[in-house]
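Engineer: return atomic coordinates for the entry below.
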Amino acid sequence: MNKTIVIQELDFKAVRSGGAGGQNVNKVSTKVELSFDVENSLGLSSNEKERCYQKLGSKLTKENILLLSCDETRSQHRNKDLVIKRFMETMRTGLVVPKIRRKTKPKRSAIEKRLKSKKKNAEKKARRQRPDIR
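Structural biologist: Residues are numbered from 1 along each chain as shown. From the prediction side, this is the model:
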């Protein structure tokens, strides 16, 4: 992922924020909505786009656009910084390549050790019982 190209491709829209804030909420557009077109991005390779479709599929629209918004603070600039950080974190986690799991076998010594401890416990429990007299 080429961060500089991706950041240039981000689209921002300022919207009026809801919630508490009094007259400021009615006058100022502080909520920031970020949209990123995954399909037409030049900063992502085709493999990275496929990984985005798979891992971020629930966050994408039908047109494969990632939408994020932030209205945590009363400052539009601060909200813009926060939504960019959130976007970068989302992309970082979405583009992580999972490690390939290789099947392993327990070592022979570990198997023998486990069987010895089982045998020892079985003998210990057998000694607790009454002797069988016939």
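
Engineer: list the buried residues in the lowest-mean-pLDDT helix or strand in the chain.
Structural biologist: With mean pLDDT, DSSP states H and E as the measure, the helix or strand of the chain carrying the lowest mean pLDDT is helix 23-27 (a mean of 76). Neighbour-count burial for helix 23-27, counted by 16 or more other C-beta atoms under 10 Å, picks out residue 25. (Each C-beta comes from the backbone N, C-alpha and C, glycine too.)

Engineer: C-terminal to that helix, what's the next element?
Structural biologist: strand 31-37 (DSSP states H and E).

Engineer: so residue 81, which of the three states?
Structural biologist: helix (DSSP: H, G, I helix; E, B strand; the rest coil).

Engineer: quick one: contacts for the most centrally placed residue in the chain?
Structural biologist: The centroid of the chain falls nearest to residue 93 when counting by C-alpha atoms, centre = their mean (4.7 Å). By C-beta atoms under 8 Å, 6 or more residues apart in numbering, residue 93 lies in contact with residue 55.

Engineer: what does the pLDDT read for it?
Structural biologist: Residue 93 carries a pLDDT value of 89.

Engineer: kindly export the helix or strand that contains it (C-alpha atoms) in PDB.
Structural biologist: Secondary structure from DSSP H and E places residue 93 in helix 76-94. C-alpha atoms of helix 76-94 as PDB (Å, rounded to 0.1, in the frame of the first residue of the first chain):
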ATOM      1  CA  GLN A  76     -13.600  19.700  12.100                       C
ATOM      2  CA  HIS A  77      -9.800  19.600  11.700                       C
ATOM      3  CA  ARG A  78      -9.500  17.300  14.800                       C
ATOM      4  CA  ASN A  79     -12.200  15.000  13.400                       C
ATOM      5  CA  LYS A  80     -10.500  14.900  10.100                       C
ATOM      6  CA  ASP A  81      -7.200  13.800  11.700                       C
ATOM      7  CA  LEU A  82      -9.100  11.200  13.800                       C
ATOM      8  CA  VAL A  83     -10.900   9.700  10.800                       C
ATOM      9  CA  ILE A  84      -7.600   9.500   8.800                       C
ATOM     10  CA  LYS A  85      -6.000   7.700  11.700                       C
ATOM     11  CA  ARG A  86      -9.000   5.300  11.900                       C
ATOM     12  CA  PHE A  87      -8.800   4.700   8.200                       C
ATOM     13  CA  MET A  88      -5.100   3.900   8.300                       C
ATOM     14  CA  GLU A  89      -5.600   1.500  11.200                       C
ATOM     15  CA  THR A  90      -8.500  -0.200   9.300                       C
ATOM     16  CA  MET A  91      -6.500  -0.600   6.200                       C
ATOM     17  CA  ARG A  92      -3.500  -1.800   8.200                       C
ATOM     18  CA  THR A  93      -5.500  -4.500   9.900                       C
ATOM     19  CA  GLY A  94      -7.400  -5.300   6.600                       C
END
